[in-house]
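In: I need the structure of the sequence given here:
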Amino acid sequence: MKTRLITFVLAVAVLAAGMPLFAHHGNAAYDMTKEVVLKQATVTKVLWANPHVLLQFDVKDDKGDVEHWAGETGSLNALYLAGWSRSSVTPGDMITVYLYKAKVTSAKVGILTKIVLADGSTLYGPFGRQQVDGQFVAPSK
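Out: Numbering: from 1, shown residues only. So this is what the prediction gives:
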């Protein structure tokens with residue numbers, strides 16, 4: 001539990017430190033050239049708060065060691081419009097996470113493009129929403 005708290009504090013610190021670089025809605029802190037896929041991630045916490053919802057999850061690395069990650073999503077309103085609800089993702093859920101990782105290579109944080117739930121349904125983040133006729137829309141299920 002202490003390790004998770006330290007990981008969370010570090011993730012928030014990295015995100016906060018990058019905020020002046022890209023103002024509120026930029027993406028300069030993330031490597032937007034390569035989407036990272038993290039399979040069999042276990043959700044540990046979902047923080048529904050402004051300005052962005054944070055999703056915390058654990059993933060095993062190639063050696064089988066658990067890595068603690070944090071993913072930034074969109075604002076509450078943007079997520080609701082994209083099909084999310086407070087019950088969409090809960091601690092203990094097994095998901096696949098797609099994100100753009102922070103440029104700070106040691107940081108296990110990123111901005112979510114989408115997550116795939118155990119039932120195969122997809123929820124999109126701020127840089128992964130589907131567009132139809134130039135409008136962002138919730139994914140069809």
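In: Residue 77: helix or strand, and which one exactly?
Out: Element membership for residue 77 (DSSP states H and E) is helix 76-81.
In: So which elements touch the helix or strand just after that helix?
Out: Next in sequence after helix 76-81, counting helices and strands by DSSP H and E, comes strand 94-102. Under the contact criterion of 3 or more C-beta pairs under 8 Å, 6 or more residues apart in numbering; DSSP states H and E, strand 94-102 touches helix 2-22, strand 30-47, strand 54-60, strand 66-72, strand 109-117. Every C-beta, even on glycine, is put in place using the N, C-alpha and C of the backbone.
In: How much space separates the most centrally placed residue in the chain from residue 58?
Out: The centre of the chain sits closest to residue 71, judged by C-alpha atoms, centre = their mean, with a distance of 2.7 Å. In this view, residue 71 and residue 58 are 12 Å apart by C-beta to C-beta, to the nearest Å.
In: least trustworthy helix or strand in this protein by mean pLDDT?
Out: Using mean pLDDT, DSSP states H and E, the weakest-scoring helix or strand in the chain turns out to be strand 130-132, at a mean of 49.
In: measure residue 77 to residue 45 for me?
Out: Per C-beta to C-beta, residue 77 is found 21 Å from residue 45.
In: What are the buried residues along stretch 66-74?
Out: For stretch 66-74, the neighbour count (16 or more other C-beta atoms under 10 Å) marks 68, 69, 70, 71, 72, 73, 74 as buried.
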